[in-house]
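A.B. asks: Sharing a sequence plus its predicted fold:
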Amino acid sequence: MPNTATAPVADWFTLDRLHADPYPIYARLRREAPIAWVPATRSYFLTSYRACRDVNLDQEVFTATREYTRRYSMGASMLHKDDPEHATERKAFGGVLKPNAIARDWNRVFEVNARKHLAGLRDAGPGADLVEAFSGPFAADCLREMLGFRNVGQHDVHRWSQAIMDGNSNSDDDDEVWERYRHSGEEIDEALDEVIPLLRAEPDGSLISTLINGPEPMDLESIRANVKMTIGGGVKEPRDALVIALWGLLSHPDQFDRVRRDPGAAVPAFDEAVRWVSPIGMYPRKTTRATELAGVSLPAGAHLSVVIAAANRDETVFGDGEEFDINRERKPHLAFANGAHICAGQHVAKAMIGRVALPMLISALPGLRPAEDTEPRSGGWIFRRIYELRLAWDV
């Protein structure tokens, strides 16, 4: 591979610093070493938009498959498979997650759940935490109904999701995190064993019903893995996107006022939020052979950290990328990945938050603002979120 360089070593930051605030680190990496070997993670960090985008366009060289060396596995979902296996499982999801089906079958469900949890937020009163009182329960309730879990509550789904995401980012190998991860997986299996016969007897338009009753039903092992994958991301992304979007708007009163006057502007606010602070900030890939990427040579078997949270602030694509700006020129972000592995649930999250929850909150709560003397607590780099956002409004 002529005219290629060896990736520089980036040993000047710790995982603790990444967790606290990764963005200054990402900015330096983009400037100095868009592809760098990071000893702390034993992987190559990809932080430029170009590198992160291109990896997903070549499954033969950059594979999504992985070895399960962790203490406990949720199984091999389509997220960790390449085509044709990935395409086959994705097709089995049918049309449930497509925009026309969402508009026809699910927007009403989202609206009902948003009104229900808005009432709970109002009951909690000014000073309530948006995450606890609204965004978490709302996201979990919507996902529970879309999946077809008639036999569990939103608290179960929310708890399972957090346990899955905590396990997937358990770089400290914390025993308690693994135990919650393992136990949640067992509970999901039990809930599936209970609901599948019900959905076979009485099919509906839910995702699990589609997986078992479609023209090419998915096998049980794959159903278990894909439902767990969906629970993990299907609560986290809309829950956290709503909080990030509202914080971005509240921090920029002119942009907040635009959405207040024009609820349709909540859709670009959603897209800008997940670009600005991507709830899922990194996913792994592995090279199947020695190759070159963006002028850097990579050996066979190299573990890659595709840091889309960094790519989404790449200044060569997004002017003033560190800033939240719903008025910026629309360009495709990578918050939901791209290529064959683009997130199957992206249209669900956009509808839940951009079309329903965000404009409803802003219109229903006059004088909406951060509670006095409050500052949102954030953390994470593989998965980043605002842990708490306390709100006030006029009553």
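C.D. replies: Arrived safely, thanks for sending. Numbering: from 1, shown residues only.
A.B. asks: Show me the helices in the stretch 251-395 of the chain, by range?
C.D. replies: Taking DSSP state H, counting those that start in this stretch, the helices of the stretch 251-395 of the chain run over residues 253-261, 266-276, 308-311, 346-349, 358-364.
A.B. asks: And those helices: which comes nearest residue 236?
C.D. replies: helix 346-349 (9.8 Å; C-beta to C-beta). In this view, the C-beta of every residue, glycine as well, is placed from N, C-alpha and C.
A.B. asks: What helices and strands are in contact with the closest one?
C.D. replies: helix 220-250 (3 or more C-beta pairs under 8 Å, 6 or more residues apart in numbering; DSSP states H and E).
A.B. asks: could you give the mean pLDDT of the helix it packs on?
C.D. replies: Per-residue pLDDT values over helix 220-250 give a mean of 97.
A.B. asks: Out of the helices of the stretch 251-395 of the chain, which is closest to residue 30?
C.D. replies: Closest among these, using C-beta to C-beta: helix 308-311, at 6.3 Å.
A.B. asks: Show residues contacting that closest one.
C.D. replies: With contact meaning C-beta atoms under 8 Å, 6 or more residues apart in numbering, helix 308-311 is reached by 22-23, 26-27, 29-30, 45-49, 51-53, 277-278, 280-283, 334-335, 337, 381, 384.
A.B. asks: Out of those, which sit inside strands?
C.D. replies: Among the contacts of helix 308-311, the residues falling in strands (DSSP state E) are 45, 46, 283.
A.B. asks: Give me the buried subset of the residues you listed.
C.D. replies: 45, 46, 283 (16 or more other C-beta atoms under 10 Å).
A.B. asks: and which of those is nearest to residue 289?
C.D. replies: residue 46 (17.3 Å).
A.B. asks: Now tabulate the buried ones among the ones in strands among the contacts of helix 308-311 in a markdown table and tack on pLDDT and distance to residue 204.
C.D. replies: Output for those, formatted as a markdown table (pLDDT from 0 to 100; distance: C-beta to C-beta, whole Å):
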| residue | pLDDT | distance to residue 204 |
| --- | --- | --- |
| 45 | 98 | 44 |
| 46 | 99 | 41 |
| 283 | 95 | 31 |
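A.B. asks: Just name the closest of those residues to residue 87, please.
C.D. replies: Closest to residue 87, out of all of these and judged by C-beta to C-beta, is residue 283, at 18.1 Å.
A.B. asks: where are the low-confidence patches of the stretch 51-200 of the chain?
C.D. replies: For the stretch 51-200 of the chain, the stretches with pLDDT under 70 are 67-72.
A.B. asks: can you give me the strands for it?
C.D. replies: Counting by DSSP state E, counting those that start in this stretch, the stretch 51-200 of the chain has strands at residues 62-63.
A.B. asks: Tell me who's in contact with the most centrally placed residue in the chain.
C.D. replies: Nearest to the geometric centre of the chain sits residue 237, at 3.7 Å (C-alpha atoms, centre = their mean). Shown in contact with residue 237 (C-beta under 8 Å, 6+ apart): 274, 279, 280, 343, 345, 349.
A.B. asks: Looks like residue 195 contacts residue 150 (just checking).
C.D. replies: Yes: between residue 195 and residue 150 there is a contact under C-beta atoms under 8 Å: 6.1 Å.
A.B. asks: When the two are compared, which one has more neighbours?
C.D. replies: Each of residue 195 and residue 150 has its neighbours counted (other C-beta atoms under 10 Å); residue 195 has more, 20 against 16.
A.B. asks: and the closest residue to that one other than its chain neighbours, what is it in contact with?
C.D. replies: Counting by C-beta to C-beta, 6 or more residues apart in numbering, residue 195 lies nearest to residue 151, which is 5.1 Å off, once chain neighbours are set aside. The contact partners of residue 151, taken as C-beta under 8 Å, 6+ apart, are 191, 194, 195, 198.
A.B. asks: quick one on the thing from earlier: now, which of the ones in strands among the contacts of helix 308-311 sits nearest residue 93?
C.D. replies: For those, the nearest to residue 93 is residue 283 (19.0 Å; C-beta to C-beta).
A.B. asks: Okay, and the beta partners of the closest one?
C.D. replies: residue 306 (DSSP bridges).
A.B. asks: before we move on, the earlier item: include distance to residue 118 when you put the contacts of residue 151 into CSV, please.
C.D. replies: Below are the contacts of residue 151 laid out as CSV (distance: C-beta to C-beta, whole Å):
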residue, distance to residue 118
191, 27
194, 31
195, 28
198, 30
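A.B. asks: Looking at those residues, which is nearest residue 139?
C.D. replies: Nearest member of the contacts of residue 151 to residue 139, counting by C-beta to C-beta, is residue 191, at 17.8 Å.
A.B. asks: Spatially nearest residue to the closest one, not counting backbone neighbours?
C.D. replies: residue 152 (5.2 Å).
A.B. asks: and that neighbour, backbone torsions?
C.D. replies: When read as degrees, to the nearest 10, the backbone of residue 152 gives phi -140, psi 170.
A.B. asks: what about it, neighbour count?
C.D. replies: Neighbour number of residue 152 under other C-beta under 10 Å is 18.
A.B. asks: and if you look at residue 346?
C.D. replies: 16.
A.B. asks: where does it sit relative to residue 227, distance-wise?
C.D. replies: Note on residue 346: its distance to residue 227, by C-beta to C-beta, to the nearest Å, is 18 Å.
A.B. asks: repeat for residue 278
C.D. replies: In terms of C-beta to C-beta, residue 278 sits 24 Å off from residue 227.
A.B. asks: Just the C-alphas of the helix or strand residue 37 falls within, formatted as CSV.
C.D. replies: Element membership of residue 37, judged by DSSP states H and E, is strand 35-38. Taking C-alpha atoms only, strand 35-38 is exported to CSV below (Å, rounded to 0.1, in the frame of the first residue of the first chain):
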residue,chain,number,x,y,z
ILE,A,35,-7.3,7.8,12.6
ALA,A,36,-5.2,7.0,15.7
TRP,A,37,-4.3,4.0,17.8
VAL,A,38,-5.7,4.4,21.3
